[in-house]
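A.B. asks: Got a predicted structure plus its sequence, pasted below:
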Amino acid sequence: MGNGFVYGPENILSVVDLHVLGVHHIYNDHGIDPEGVLSTIPAIAHVLIGFCIGKICIEAQQPEEKLNKLFLCGFFLLVVGLLLQYVCPLNKKIWSPSFVCVSCGISTSLLALLYWFIDVRQHTQLSLPMEVFGVNPLFCYVFSQVLSVWFDTLPLQGDSVHTLIYSVLCSGFGEGNFASFLYAVIFVLLVWTLSYPLYRKKIYIKL
């Protein structure tokens, strides 16, 4: 029927998409559509898990109750995801069920840790960087996508902005993962810097 671990047309995702959607209606990345029929189901589950975690945050009355539930859910999701990867690959690109569980488990555990550190222990002064993203998530996300396209397409000294910045980083820190990490950090800081004026003026963009 198909192998979920194969990065090619033999993958179960590709087999289903080809039969349901047809070859002319899929985004062909080595025969796999990252937004196909099967990969959309765990993406929906991702949203629903986030909804359930938010419901816990709203309904739990006492901080201790909220912390216990968040840590328990985070640990459970993480363990399930790590075990599930032996039968289903841990892969963000195809939004696999194991990726959903692991990413939700890590996120929920981190949320619990931040809630304890900021809300319970009252270290609120350290939350400013996250507040800028938190009060305007829609703007920050859309703006980051637009900025990414601009960086990849706008020419600068014969190259794209993306290529030029990455070349400078590679020349100073060597090629590989660290240069890519530095580029990601610079990009996030740029989005934060351009979003900060909205935070200062209390402008919140919502649907």
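C.D. replies: Now that the structure is in, tell me what you want to look at.
A.B. asks: and the helix or strand that contains residue 195, what other elements does it pack with?
C.D. replies: With the criterion set as DSSP states H and E, the secondary-structure element containing residue 195 is helix 177-200. With contacts defined as 3 or more Cβ pairs under 8 Å, 6 or more residues apart in numbering; DSSP states H and E, helix 177-200 has these neighbours: helix 128-134, helix 137-153, helix 161-173. Glycine gets a C-beta too; all of them are placed from N, C-alpha and C.
A.B. asks: elements contacting the shortest one?
C.D. replies: Right, helix 128-134. In this structure, helix 128-134 packs against helix 177-200, with contacts taken as 3+ Cβ pairs under 8 Å, 6+ apart.
A.B. asks: Quick one: mean pLDDT for the helix it packs on?
C.D. replies: Per-residue confidence for helix 177-200 averages out to 89 on the pLDDT scale.
A.B. asks: ok, back up a step: list of residues touching the helix holding residue 195?
C.D. replies: Outside of helix 177-200, the residues that reach it under the criterion Cβ atoms under 8 Å, 6 or more residues apart in numbering are 129, 131-133, 135-136, 139-140, 143-144, 147-148, 151, 162, 165-166, 169-170, 173, 204-205.
A.B. asks: Now do it and helix 161-173, the angle between them.
C.D. replies: Here the directions of helix 177-200 and helix 161-173 differ by 120 degrees (axes from the mean of the first three to the mean of the last three Cα atoms, to 10 degrees).
A.B. asks: Centre of the chain to helix 177-200, how far?
C.D. replies: Per Cα atoms, centre = their mean, to the nearest Å, the displacement of helix 177-200 from the mean C-alpha position of its chain is 15 Å.
A.B. asks: cool, stretch 115-135 as well?
C.D. replies: In terms of Cα atoms, centre = their mean, the gap separating the centre of stretch 115-135 from the centre of its chain is 20 Å.
A.B. asks: returning to that earlier point: out of the contacts of helix 177-200, which end up buried?
C.D. replies: Neighbour-count burial (16 or more other Cβ atoms under 10 Å) is assigned, among the contacts of helix 177-200, to 132-133, 135-136, 139-140, 143-144, 151, 162, 165-166, 169-170.
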